[in-house]
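*Asks:* Pasting the sequence and the predicted model now:
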Amino acid sequence: MRIAVVGSGYVGLVAGACFADLGHDVILVDNDQQKVSALRSGQVPIHEKFLPELLQRHRGKRLEFSGDLQAAVRASSAIFIAVGTPPTEQGEADLSYVESVARSISAAINGYKIVVEKSTVPVYTSDWVRKIILRNAAPPDSFDVASNPEFLREGSAVTDFLYPDRIVVGADSERCAAVLRQIYAPLTDGSYYGRKDAIPRPDGAHIPPPLIVTSAKSAELIKHASNAFLAMKISFVNAVASICEAVGANVEQVCQGIGSDSRIGPRFLSPGIGYGGSCFPKDLMAFRSVARECGYEFRLLDEVMRINEEQRQRFLRKVRNALWTLRGKRLGVLGLAFKGGTDDIRESPAVLLVQALVQEGCQIAAYDPAASQRAREVLTAGVDFAASAYDAAAGADALLILTEWEEFAALDLKQLHSKLKYPIVIDGRNLYDPRVMAAHGFTYYSVGRTSASPEAQAAAASAPARKLKKS
Ligand SMILES: NC(=O)c1ccc[n+]([C@@H]2O[C@H](COP(=O)([O-])OP(=O)(O)OC[C@H]3O[C@@H](n4cnc5c(N)ncnc54)[C@H](O)[C@@H]3O)[C@@H](O)[C@H]2O)c1
């Protein structure tokens, strides 16, 4: 099928490349001419596993890049809108990009098309998109509007798109649902997974994925409610981690215990420095606004957001408690992206923490495998960018781990110890076993677990011996 994807950002670019891999002819549209030129010339503007391979495979064949939205609409049967929906100052979703795309689509409709919301949008947006297209003179039976929310995670976006837990199709007519069923057929009939050149299957993938057909409104709500629930799970475990710290329990053991309950599940039960990124913070605010407009005060969401903010403050207090005063301290920082596997720093808790530490007078040496370039644009004072984790640690009063990149969990601890001025590691992602860190000579702080140090370890080792002697 001929598909247009409007917006070539994290979602649009991945969706477009994956649709091409499913065998469709895709025109990826963006109004950022520089991005279009970069994509045409073979550049890959975002860091995402398997994306370079897919772009290389389909560029100039099943995948073309364009700045001409109306030509793309005329040439396509399905138009996916994947532009940004950032928050307004009041916390609502700013839908002006979606509206502007809908208006342009309207003028180019030349036969039955489906217009699909891929962007995350509040309930009722599909009604508005339909109204806007009609207002601009498109005949009512020449199009349908559907909601097909995207659940991919940055860092594993291509794999998530091709091996989804489910595909949600919110369509108010069978004609429209049939087009979306056809687009996703290579996934739902399993034929994609039998191909030799298919992107490798991740552990735990359920194939073929179910396709759930709902009303457009329900699909819009599914996306907001899913993100709100996941953010709630993160805040819940962060709150539990705080209690673990207070009583000397181990949050990992607690999570193993609660996550083994099949009604809860083990995923998304990792405490840390709070959620961030371009989705959870804005989607929670937007969902709260939607609820308020419908007459429901969703106070639970306020608490989820409050705990998330508090989690960053707790981490800052941890740094202060470890180092006493902060002015003039040199800190190595590992990780700036909002999560591992991506170069995205939007609403990154790591960046917010670095900014707070710079404000307190710290000098930062930061390293991130993919996000440093983007971070340079926002972290302009007080931050040096290091070329490796060991360079970031060199001469530092302490090392902070702020993003869960795999390479940060596999550091040469002997080398790290030799680089630091003081062997203090404050780990916001629980990448190491406290006993291992203490055995390597570090004083180690993490989240929801008792801090560890060689002295504490030695004292603990001798305590039972003393007890035994007494008896
Ligand atoms: N990033 C994620 O992990 C993720 C996951 C699921 C859903 N979403 C949702 O998907 C949507 C897009 O997110 P993103 O992270 O890809 O955003 P993004 O900012 O990376 O990309 C948006 C793109 O749209 C382009 N654009 C804006 N207006 C346009 C117009 N009028 N015509 C053509 N192109 C236009 C921009 O130039 C940009 O390239 C958002 O609603 C987001 O909430 C994002």
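*Replies:* Cool, the structure landed.
*Asks:* Most proximal residue of this protein with respect to the ligand?
*Replies:* For the chain and the ligand, the shortest gap (CB to the nearest ligand atom) falls at Gly9, measuring 1.8 Å. Any C-beta I mention is one placed from the backbone N, CA and C, and that applies to glycine too.
*Asks:* surely that residue meets Ala82?
*Replies:* Yes: look at Gly9 against Ala82 with CB atoms under 8 Å: they come within range, at 6.9 Å.
*Asks:* between those two, who's got more neighbours?
*Replies:* Set Gly9 next to Ala82 and count neighbours by other CB atoms under 10 Å: Ala82 wins out with 28 against 18.
*Asks:* Hmm, Val14 and the more buried one touching each other?
*Replies:* No: using CB under 8 Å, Ala82 is not in contact with Val14, being 9.1 Å away.
*Asks:* near the ligand, which residues of the chain?
*Replies:* 6-12, 29-32, 35, 69, 82-85, 97, 100-101, 119-120, 150, 152, 154, 278-279 (CB under 6 Å from any ligand atom).
*Asks:* now with 5 Å?
*Replies:* 6-11, 30-32, 83-85, 97, 100-101, 119-120, 150, 154, 278 (CB under 5 Å from any ligand atom).
*Asks:* so where do the helices sit in the stretch 251-400 of the chain?
*Replies:* Secondary structure of the stretch 251-400 of the chain by DSSP state H, counting those that start in this stretch: the helices cover 251-259, 280-293, 299-323, 349-359, 372-378, 389-393.
*Asks:* As TSV, those with mean neighbour count would be great.
*Replies:* Formatted as TSV, the helices of the stretch 251-400 of the chain follow (neighbours: other CB atoms under 10 Å):
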stretch	mean neighbour count
helix 251-259	16
helix 280-293	21
helix 299-323	17
helix 349-359	21
helix 372-378	16
helix 389-393	22
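*Asks:* got CSV for those helices, with mean pLDDT too?
*Replies:* Converted to CSV, the helices of the stretch 251-400 of the chain look like this (pLDDT from 0 to 100):
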stretch, mean pLDDT
helix 251-259, 98
helix 280-293, 97
helix 299-323, 98
helix 349-359, 98
helix 372-378, 97
helix 389-393, 98
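*Asks:* any chance of those in JSON lines, plus distance to Thr443?
*Replies:* Formatted as JSON lines, these follow (distance: least, CB to CB, whole Å):
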{"stretch": "helix 251-259", "distance to Thr443": "19"}
{"stretch": "helix 280-293", "distance to Thr443": "32"}
{"stretch": "helix 299-323", "distance to Thr443": "7"}
{"stretch": "helix 349-359", "distance to Thr443": "18"}
{"stretch": "helix 372-378", "distance to Thr443": "27"}
{"stretch": "helix 389-393", "distance to Thr443": "14"}
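*Asks:* which one of those helices lies closest to Ile183?
*Replies:* Evaluated over the helices of the stretch 251-400 of the chain, closeness to Ile183 peaks at helix 280-293, with 24.4 Å, by CB to CB.
*Asks:* returning to what we had before: pull the contacting residues for the residue of the chain closest to the ligand.
*Replies:* 30, 46, 82-84 (CB atoms under 8 Å, 6 or more residues apart in numbering).
*Asks:* which intervals of the stretch 51-200 of the chain have sub-threshold pLDDT?
*Replies:* The stretch 51-200 of the chain contains no residues with pLDDT under 70.
*Asks:* show me where it has helices.
*Replies:* With DSSP H, counting those that start in this stretch as the criterion, the stretch 51-200 of the chain has helices spanning 51-58, 69-75, 96-107, 125-135, 157-162, 174-188.
*Asks:* among these, which is the most enclosed?
*Replies:* Mean neighbours per residue, mean count of other CB atoms under 10 Å, is largest over the helices of the stretch 51-200 of the chain for helix 157-162, with a mean of 23.
*Asks:* Just the C-alpha atoms of that helix, please, in PDB.
*Replies:* Presented in PDB, the C-alpha positions along helix 157-162 are these (Å, rounded to 0.1, in the frame of the first residue of the first chain):
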ATOM      1  CA  ALA A 157      11.800   1.600  18.900                       C
ATOM      2  CA  VAL A 158      12.300  -0.500  15.700                       C
ATOM      3  CA  THR A 159      12.000  -3.800  17.600                       C
ATOM      4  CA  ASP A 160       9.000  -2.500  19.500                       C
ATOM      5  CA  PHE A 161       7.300  -1.400  16.300                       C
ATOM      6  CA  LEU A 162       7.800  -4.800  14.600                       C
END
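*Asks:* just checking, what packs against that helix?
*Replies:* Where contact means 3 or more CB pairs under 8 Å, 6 or more residues apart in numbering; DSSP states H and E, helix 157-162 is packed against helix 10-21, helix 51-58.
*Asks:* 6 Å - rerun?
*Replies:* Secondary-structure packing of helix 157-162 (3 or more CB pairs under 6 Å, 6 or more residues apart in numbering; DSSP states H and E): helix 10-21.
*Asks:* For the next helix or strand after the helix it packs on, C-alpha coordinates in CSV please.
*Replies:* Counting by DSSP states H and E, the element after helix 10-21 in chain order, helix or strand, is strand 25-29. Extracted in CSV, the C-alpha atoms of strand 25-29 (Å, rounded to 0.1, in the frame of the first residue of the first chain):
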residue,chain,number,x,y,z
ASP,A,25,5.7,2.2,-0.3
VAL,A,26,6.2,5.0,2.1
ILE,A,27,6.7,8.8,1.7
LEU,A,28,8.1,10.3,4.8
VAL,A,29,7.1,14.0,5.0
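*Asks:* Could I get the buried residue list for the following helix or strand past strand 25-29?
*Replies:* Following strand 25-29 in sequence order, the next helix or strand is helix 33-40 (DSSP H and E). Neighbour-count burial for helix 33-40 flags 35-36, 38-39 (criterion: 16 or more other CB atoms under 10 Å).
*Asks:* thinking Gly335 is in contact with Thr403, fair?
*Replies:* Yes: between Gly335 and Thr403 a contact is recorded at 2.5 Å, counting by CB atoms under 6 Å.
*Asks:* and for those two, which residues touch both?
*Replies:* Ala350 (CB atoms under 6 Å, 6 or more residues apart in numbering).
*Asks:* Now Val44. Nearest residue, chain neighbours left out?
*Replies:* Among residues not flanking Val44 along the chain, Pro52 sits closest, at 4.9 Å (CB to CB, 6 or more residues apart in numbering).
*Asks:* quick one: the one you found from Ile46, how far?
*Replies:* 10 Å (CB to CB, to the nearest Å).
*Asks:* same thing with Tyr97?
*Replies:* Taken as CB to CB, the span from Tyr97 to Ile46 is 18 Å.
*Asks:* what's the answer for Tyr390, then?
*Replies:* Applying CB to CB to Tyr390 and Ile46 gives a distance of 27 Å.
*Asks:* coming back round to it: what's the closest of the helices of the stretch 251-400 of the chain to Ser270?
*Replies:* For those, distance to Ser270 was read as CB to CB. The smallest value, 7.5 Å, belongs to helix 251-259.
*Asks:* Not counting the closest one itself, show me its contacts.
*Replies:* Applying CB under 6 Å, 6+ apart, the external contacts of helix 251-259 come out as 241, 244, 264, 266, 269, 271, 448.
*Asks:* Give me the distance from that helix to the chain's centre.
*Replies:* Distance, stretch centre to chain centre, for helix 251-259: 23 Å (CA atoms, centre = their mean, to the nearest Å).
*Asks:* got it, and stretch 233-245?
*Replies:* Remark: stretch 233-245 is offset 20 Å from the chain centroid, using CA atoms, centre = their mean.
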